[in-house]
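Participant: got a sequence here, can you build the structure:
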Amino acid sequence: MPHRITDPRERAEAQLRITEERFRQIFENAAVGIAEVGADGRFVMVNGTLCEITGYSRHELLQRSFQDITHPDDLTADLELAERLARGELQQYSMEKRYIRKDGEVVFVNLSGSAVRSANGEFMHYVAVVEDITDRKRAAEALRQSEQQFRSVFEHAATGIAIADMDGQFMQCNPAYEKLVGYTEAELHGMRFGDLVHPDDRAENMRRTLELRRGLVPHFEIENRYVRRDGSSVWVRKFLSVLHDDQDAPVRVMALVSDITSERERQQMEREAMRQKDEFIAVLAHELRNPLAPIRTSVAVLRTLGATDPALERCRDVIDRQVTHMARLIDDLLDVSRLSRGELRLQRAPASLGAIVTQAIELAEPFIHQQRQRLVVGGPPDGFIIDADAARLTQVLGNLLHNAAKYSPPDTEIHLTVAIEDGEVVIAVRDQGLGIPASQLTRVFDLFAQTDNARELSKGGLGIGLALAKRLVDMHGGSITACSDGPGRGSTFTVRLPAATDAQRTTALEPSQQAADRTPPQARRVLVADDNADAAEMIAMLFELAGCEVRQVHDGESAVLEAERFRPDLVILDIGMPGMDGHEACQQIRRAPWGASMTVVALTGRGQDADRQLSALSGFDQHFVKPVDTDALLHLLQR
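Facilitator: As a prediction, the model looks like this:
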């Protein structure tokens with residue numbers, strides 16, 4: 001049975017013990033440091049938390065004063081406040097200060113000081129409550145430094161930086177942005193990001209910005225025009241992103257803006273230079289083809305006349321080969337120009353691999369024979385079909401064979417092998433020629449590249465054949481590689497192409513017999529119109545030797561008048577004639593009742609897709625490019 005305290009004094013003492021124990025528990029378990037400090041500043045009583053904050057044991061702290069552990073820079077202010085508190089000028093005080101821990105580290109604290117007084121109001125001792133705020137202070141300092149660094153970057157960045165709310169309302173911008181748009185930050189307040197965008201660019205800018213604000217994209221980059229304060233336009237590249245708060249909620253939109261006006265102007269100048277270059281190449285090709293046309297036609301006339309002198313035959317063959325070579329160089333140059341503009345398109349269809357190889361051999365064989373070399377051919381499998389632009393692949397293989405012959409000495413062999421490996425068509429051209437140094441193998445497909453040994457032997461050429469071959473093979477989804485054991489040890493060029501699918505093979509058509517079954521009347525009346533008198537005369541002579549009645553004129557207007565009088569079955573019109581050009585002449589002939597059924601063909605030095613399309617729109621039946629294949633020209637007699 002518990003002892004019952006009845007004596008008032010004992011009851012008071014018991015209650016006091018309970019209160020003291022409760023105070024001791026609070027004192028010791030408080031999350032903040034608590035100390036009783038004498039009038040001289042020495043610690044009288046400290047709790048465990050204060051020991052943890054300062055790094056001293058309880059015994060060590062009781063041997064010291066608060067002055068001993070206070071940072072020297074904070075001591076004067078602390079002593080002044082303590083003295084005022086003791087004199088009764090303050091009821092309490094609070095300050096941030098630093099303690100120097102036992103280990104020498106500095107700790108930031110928030111100190112709250114109060115005084116304990118006697119019944120008559122005399123000062124007895126201090127009570128100090130100490131909160132460790134080191135982490136908070138370091139975080140605040142880190143934030144301050146970060147903000148200072150950001151502000152420094154923001155103010156001194158060469159890139160324009162602007163920040164807006166989620167509605168696009170300007171909040172702040174840096175000096176670079178002000179300089180870019182011509183407005184001050186104060187003037188931009190009340191404006192929105194989109195207000196600066198050029199009217200012609202606003203729709204796309206708004207669409208992208210809405211995607212950003214709706215969270216569909218984290219950021220975006222766009223190029224458009226700003227309208228500056230003075231009304232001038234400036235091209236800018238903008239990178240817009242969303243800034244989030246601590247809860248990851250979107251709160252701001254930031255724009256990084258760079259002036260790209262000079263870059264845009266440079267690009268425009270480059271495009272204009274490219275356009276002028278392409279136009280120059282097209283004109284050059286036209287001007288080079290024009291004199292080649294009568295030369296090739298003259299060769300055909302000589303062949304038709306049947307010259308029997310061996311020396312004359314050799315001269316005729318040399319002229320024919322050189323004209324073919326010049327025409328091939330012109331075609332390659334134009335193709336490279338079109339490839340650089342992305343204008344060359346493949347006309348893919350199921351085609352016979354054997355036919356492609358045969359046509360390539362026919363292109364290269366005269367030059368190979370001229371070099372006194374032998375071509376050894378292996379493959380391809382009979383009837384194998386490939387999905388390709390047959391004309392372009394023929395061009396690729398013809399270039400490879402021509403190169404092999406060009407860079408190989410006489411009395412050597414050139415090997416052409418065609419095989420099917422793992423679902424791929426593999427075509428290899430191997431020669432016994434100059435070879436390629438290992439250091440230059442990676443650049444032989446670069447435009448205008450020439451190997452050192454080729455230059456030394458004056459066999460460099462234009463350096464466009466292999467570059468063109470690689471681009472054409474790439475467009476077919478294939479690859480082309482070069483390998484060589486070194487100078488003087490020959491080279492091998494290997495083309496790999498995807499084989500046609502079964503579906504593509506089944507769609508391959510046999511050559512149509514429809515044209516062969518027709519027996520239309522042969523054309524006997526031919527009108528030739530060309531402002532180059534030599535070209536017109538040679539074509540006229542070619543058709544006269546074929547038994548035709550031929551008339552010549554040298555301008556478009558005369559061509560229309562002569563066509564009405566002469567009523568030819570076949571009209572051959574040069575395009576670039578003075579006055580009325582070939583297109584207009586053809587249109588006038590087609591509009592006349594007597595000209596609707598005539599066969600009208602264009603003969604020109606221009607052979608790009610746009611030129612062919614224009615000829616078709618003008619009413620031409622066919623478009624021939626100079627120097628023309630005379631056999632194809634004579635075949636028109638069968639139309």
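Participant: and residue 174, what does it touch?
Facilitator: 154, 155, 157, 160, 161, 162 (C-beta atoms under 8 Å, 6 or more residues apart in numbering). C-beta here means a position set from N, CA and C on the backbone, and glycine is covered the same way.
Participant: ugh, wrong one, residue 213
Facilitator: Contacts of residue 213 (C-beta under 8 Å, 6+ apart): 166, 242, 250, 253.
Participant: out of those residues, which end up buried?
Facilitator: Among those, those scoring as buried are 242, 253 (criterion: 16 or more other C-beta atoms under 10 Å).
Participant: of the contacts of residue 213, just say which sits nearest to residue 197.
Facilitator: Using C-beta to C-beta, residue 253 comes nearest to residue 197 of those, at 14.0 Å.
Participant: quick check: residue 101 touching residue 55?
Facilitator: Yes - in this structure, residue 101 is within contact of residue 55 by C-beta atoms under 8 Å, at 3.9 Å.
Participant: what about the helices in the stretch 401-550 of the chain?
Facilitator: Taking DSSP state H, counting those that start in this stretch as the criterion, the stretch 401-550 of the chain carries its helices at 452-456, 465-475, 502-506, 514-517, 533-545.
Participant: now the stretch 101-250 of the chain
Facilitator: 134-156, 175-181, 185-188, 202-213.
Participant: dump those helices into JSON lines; add distance to residue 84 as well.
Facilitator: Output for the helices of the stretch 101-250 of the chain, formatted as JSON lines (distance: least, C-beta to C-beta, whole Å):
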{"stretch": "helix 134-156", "distance to residue 84": "25"}
{"stretch": "helix 175-181", "distance to residue 84": "48"}
{"stretch": "helix 185-188", "distance to residue 84": "46"}
{"stretch": "helix 202-213", "distance to residue 84": "57"}
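Participant: right, and the ones you listed - which one's nearest residue 322?
Facilitator: Closest to residue 322 of these, according to C-beta to C-beta: helix 202-213, at 54.7 Å.
Participant: so for that closest one, what's the average pLDDT?
Facilitator: Averaging pLDDT along helix 202-213 gives 93.
Participant: circling back to that earlier point, which of the helices of the stretch 101-250 of the chain sits closest to residue 352?
Facilitator: Of these, nearest to residue 352 by C-beta to C-beta is helix 202-213, at 48.4 Å.
Participant: buried ones in that closest one?
Facilitator: 202, 205, 208, 209, 212, 213.
Participant: out of the helices and strands in this structure, which is least certain?
Facilitator: Scoring the helices and strands of the chain by mean pLDDT, DSSP states H and E places helix 514-517 at the bottom, with a mean of 36.
Participant: where's the spatially closest residue to residue 324 that is not a sequence neighbour, which helix or strand?
Facilitator: In space, and not counting its chain neighbours, residue 324 is closest to residue 366: 7.3 Å by C-beta to C-beta, 6 or more residues apart in numbering. Per DSSP states H and E, residue 366 falls inside helix 353-370.
Participant: show me this structure divided up by domain.
Facilitator: As given by automatic domain parsing, the domain ranges for the chain are 31-138, 157-259, 349-505, 520-638.
Participant: among those, which is nearest residue 303?
Facilitator: The closest of these to residue 303 is domain 520-638. By C-beta to C-beta, the value is 8.6 Å.
Participant: what about that closest one, distance to the chain center?
Facilitator: 45 Å (C-alpha atoms, centre = their mean, to the nearest Å).
Participant: then stretch 23-38?
Facilitator: 69 Å.
Participant: how close does the residue nearest to residue 324 get to residue 328?
Facilitator: 11 Å (C-beta to C-beta, to the nearest Å).
Participant: could you do residue 118 as well?
Facilitator: In terms of C-beta to C-beta, residue 118 sits 118 Å off from residue 328.
Participant: same question for residue 629.
Facilitator: 13 Å.
Participant: between the two, who's got more neighbours?
Facilitator: Between residue 629 and residue 328, residue 328 has the larger neighbour count (other C-beta atoms under 10 Å), namely 17 against 14.
Participant: three-state assignment of that one?
Facilitator: Assigned by DSSP: H, G, I helix; E, B strand; the rest coil, the conformation of residue 328 is helix.
Participant: how about the contacts made by it?
Facilitator: 363, 398, 402.
Participant: pLDDT score for it?
Facilitator: So, for residue 328, pLDDT stands at 75.
Participant: and what of the one 3 residues further on?
Facilitator: At residue 331, the model reports a pLDDT of 76.
Participant: just give me the neighbour total for it.
Facilitator: With other C-beta under 10 Å as criterion, residue 331 counts 16.
Participant: does it sit in a helix, a strand or a coil?
Facilitator: helix.
Participant: need the pLDDT of the residue nearest to residue 433 when sequence neighbours are not counted.
Facilitator: The spatially closest residue to residue 433, leaving aside those adjacent along the chain, is residue 408, at 3.4 Å (C-beta to C-beta, 6+ apart). Predicted confidence (pLDDT) for residue 408: 91.
Participant: assess the claim that residue 408 and residue 431 are in contact.
Facilitator: Yes - counting by C-beta under 8 Å, residue 431 is a contact partner of residue 408 at 4.6 Å.
Participant: more neighbours, those two?
Facilitator: Taking neighbours as other C-beta under 10 Å, residue 408 and residue 431 compare with residue 431 leading, 25 against 20.
Participant: spatially, what comes nearest to the more buried one if we skip its sequence neighbours?
Facilitator: In space, residue 431 is closest to residue 404, 3.8 Å off (C-beta to C-beta, 6+ apart).
Participant: near that neighbour, how many other residues are there?
Facilitator: Residues lying near residue 404 (other C-beta under 10 Å) number 28.
Participant: count residues in the vicinity of the residue nearest to residue 465 when sequence neighbours are not counted, would you?
Facilitator: Closest residue in space to residue 465, ignoring its immediate chain neighbours: residue 399 at 4.4 Å, by C-beta to C-beta, 6+ apart. Residues within reach of residue 399, counting by other C-beta under 10 Å, total 24.
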